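# Fold the following for me, if possible:
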Amino acid sequence: MSAFETIIGLEVHVQLNTKTKIFCSCATSFGAEPNTNVCPTCLGLPGALPVLNREVVKKAIAFGTAINAQINQNSIFARKNYFYPDLPKAYQISQFEIPIVGRGNIEIEVNGEKKTIGVTRAHMEEDAGKNIHESEYSKVDLNRACTPLLEIVSEPDMRSSDEAIAYLKKLHSIVRFLDISDANMQEGSFRCDANVSIRPKGDSKLYTRVEIKNLNSFKFIQKAIEYEVERQIEAWEDGKYETEVVQETRLFDTAKGVTRSMRGKEEAADYRYFPDPDLLPVYIDESLMNEGRQIPEMPDEKRERYVREFGIKPSDASVLTSELEMARYFESMLESGASAKGAVTWLTTELLGRLKGENTLQTCGVDSSTLATLVKRIDEGKISGKSAKEILDVLVEQKGGDVDNLIDSMGLAQVNDDGAILSVIESVLAANADKVAEYKSGKDKLFGFFVGQVMKGSKGANPARVNELLKEKLQ
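Next comes the predicted model:
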C-alpha cells in the first residue's frame, strides 16, 4: 500500500436545528409519528409554494464565518431533478451555481502534525424523507422531507482515513459549538458521503473516484474508507482497475465490513439543475449578515485560551475542547470553585476513565458541581487523592451523590489537626531513636520510613502536613 497515495474528499450533510422546516412551518422534531409533520408544501402538492426560513440563512452565515469562508451576499436556489420514493416533488430544492458559503478551510491535527483542509462550498438544501424496508414491504415517512440541511463539501485534500476522521470530528465540534445542529449521528443529523480514489505515489493525476454513501458513524466511516482503498489497490495490482473501479455510488455493509455497488454515479448534468422559479434569489442584507456573524468562541480559540489563562498542557486543552459538552463541564467546574489543574485531571483522566459503553458525561449522574466539590476537598487537604478515587467510584456506580456525606460515611476524612499529627510524630521518633540518629548523620532515605510510620499511626493524616511537620521535628 505504500506505493499508492489515497485521495479523499468528503461531503457532509448537517441537519440544522431550526424549529421549523426550510420552506414551510412544519416542525422538525425527531421521533414524531410517521407522516404527521407534513403539509402541502413539503408533500409537494400542486399549487403549494415554498417560503425560505430566515434562520436557515443565519445559521449558514455562522458556519461560513467559523471556517473563514467567503459568504455570498447573493445566492440562488436550484431544482435538482431526480425521482425517489421519499422525494414527493421528484426534485430537491438545493443550491448549485451560487451557494451561500464559498471557499473556506478547517485545520486538523493528526499525530502531532497540523494540516489545513480546504472547504469548497457549503450550500442550503432540503432533506428527503425516509424509506423503511420491512420484509416484503417498503414504507415511506415524509416527516423529514423539507428539513433544512447544510451540505459541506471538502476539497480532496485528505490522504488517509485518519485525516478524514480528524476532519469530520473537527467539523462536528464546529457545528456543535456554533449550536446550529445537534449533529446526532444516530438520528442522521450529521452524515457523510466519502469520495475515495487512489494513485501511484508521485503521480498528480486524479483517477476514478468512488462515492461511499450515507455513513453516520466515525468508526464505520474509517472502516469503509480503508476497505475501499484496499479494494482499489488490489484491483490495480491485479490489472483489473479499469473494469472493477468505476465511477459509482457504493454502500458500506457494516456487518460484513465491505462496500458494495449501489448505482452508477450521477454527474451534475444528470440532475438537470435549473433555478427554482418559485423562490427569489437570496439577498443577505447588512443586518442579517451581522447577525449571522455573531458567533461564540470556537474550539481552536477556546483551546488557546485554556492554555494561556489556566496554564494547562495543549494536549489536555485539545481533549477539553473536543466536544461542546466537555468544554461546558470543565468551565462549570471552574465556576464552582475547582482549580484548573485539578479539574483537568479529575475530568479527563479520572471521570472519563470510568465511563464505559453508553455511559457519558450527560448520563453518568456525576454533574460538574459534584466533581468540583471532590477536587476542592482534595485541594483543601480534607481527603487524599486515593480516597477521592474511592469516592468517585461510588459516585459513578450510584450515578451521583453528596461528596461530603460520602467522606463522612466512608470514614475517609484526613487528619489535619497539627497537635494530633505532632503527637504521633513524637511517638514514632521516640520509638526509633537509633534511626533518627542515622538520619541526622546523613541517611536521608530514612525520611520515607518515618513518613510511613506516622501515616500508619495517624490513620488518615494529611500526607503533605505530615511531611512538613516531620521535617521540622527532624531538623
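# And the helices in the stretch 51-200 of the chain?
Counting by DSSP state H, counting those that start in this stretch, the stretch 51-200 of the chain has these helices, from start to end: 54-66, 161-178.
# Any stretches of the protein with poor pLDDT?
1, 265-269, 415-421, 454, 457-461, 465 (pLDDT under 70).
# Give me the buried positions along whichever strand in it runs longest.
If you go by DSSP state E, the chain has its longest strand at strand 113-126. The neighbour-count check on strand 113-126 (16 or more other CB atoms under 10 Å) flags I117, V119, T120, R121, A122, H123, M124, E125, E126 as buried. All C-beta spots, glycine's among them, are computed from the backbone N, C-alpha and C.
# Same question for stretch 339-352.
S339, A340, G342, A343, V344, T345, W346, L347, T348, E350, L351.
# would you turn those into JSON lines with distance to V394 and secondary structure?
Conversion of those to JSON lines gives the following (distance: CB to CB, whole Å; DSSP: H, G, I helix; E, B strand; the rest coil):
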{"residue": "S339", "distance to V394": "22", "secondary structure": "coil"}
{"residue": "A340", "distance to V394": "25", "secondary structure": "helix"}
{"residue": "G342", "distance to V394": "19", "secondary structure": "helix"}
{"residue": "A343", "distance to V394": "20", "secondary structure": "helix"}
{"residue": "V344", "distance to V394": "22", "secondary structure": "helix"}
{"residue": "T345", "distance to V394": "19", "secondary structure": "helix"}
{"residue": "W346", "distance to V394": "15", "secondary structure": "helix"}
{"residue": "L347", "distance to V394": "18", "secondary structure": "helix"}
{"residue": "T348", "distance to V394": "20", "secondary structure": "helix"}
{"residue": "E350", "distance to V394": "13", "secondary structure": "helix"}
{"residue": "L351", "distance to V394": "13", "secondary structure": "helix"}
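# which among those residues gets closest to Y167?
Closest approach between the buried residues of stretch 339-352 and Y167, by CB to CB: T348, at 22.9 Å.
# Helix or strand: which one has L429?
helix 418-431 (DSSP states H and E).
# Who are the packing partners of that helix?
helix 446-458, helix 463-474 (3 or more CB pairs under 8 Å, 6 or more residues apart in numbering; DSSP states H and E).
# Measure how the helix or strand following it sits relative to helix 446-458, angle-wise.
Next in sequence after helix 418-431, counting helices and strands by DSSP H and E, comes helix 433-440. On the basis of axes from the mean of the first three to the mean of the last three CA atoms, to 10 degrees, helix 433-440 is oriented at 140 degrees to helix 446-458.
# Outside of helix 433-440 itself, list whatever touches it.
With CB atoms under 8 Å, 6 or more residues apart in numbering as the test, helix 433-440 has contacts from L429, L446, F447, F449, F450, L474.
# how far is that helix from where the chain is centred?
58 Å (CA atoms, centre = their mean, to the nearest Å).
# what about N111, how many neighbours?
Per other CB atoms under 10 Å, the neighbour tally for N111 reads 8.
# How much space separates it from D162?
8 Å (CB to CB, to the nearest Å).
# And for F77?
To D162, F77 is 37 Å away according to CB to CB.
# out of the two, which sits in the busier spot?
A count of neighbours by other CB under 10 Å puts F77 above the other of F77 and D162, at 27 against 15.
# For T18, list the residues it contacts.
T28, N53, E55, V56, K59, P148.
# 6 Å instead, please
N53, E55, P148 (CB atoms under 6 Å, 6 or more residues apart in numbering).
# any idea what sits nearest it, other than its immediate chain neighbours?
Distance criterion CB to CB, 6 or more residues apart in numbering; nearest residue to T18, sequence neighbours excluded, is E55 at 4.7 Å.
# Now for the one you found, how many residues are close by?
Neighbours around E55, by other CB under 10 Å: 17.
# Repeat that for N68.
The number of residues packed near N68 is 12, by other CB under 10 Å.
# That one and K213: what is the separation?
29 Å.
# cool, and C192?
Distance of C192 to K213, given as CB to CB: 9 Å.
# Likewise for M185?
Distance of M185 to K213, computed by CB to CB: 15 Å.
# swap in R308?
Counting by CB to CB, the gap from R308 to K213 is 43 Å.
# just to revisit the earlier point, with respect to Q95, which of the contacts of T18 is nearest?
Closest to Q95, out of all of the contacts of T18 and judged by CB to CB, is P148, at 12.2 Å.
# hang on, R308 is in a strand, isn't it?
No: going by DSSP: H, G, I helix; E, B strand; the rest coil, the assignment for R308 is helix, not a strand.
# Can you report how many residues lie near it?
By the measure other CB under 10 Å, the count of residues near R308 is 10.
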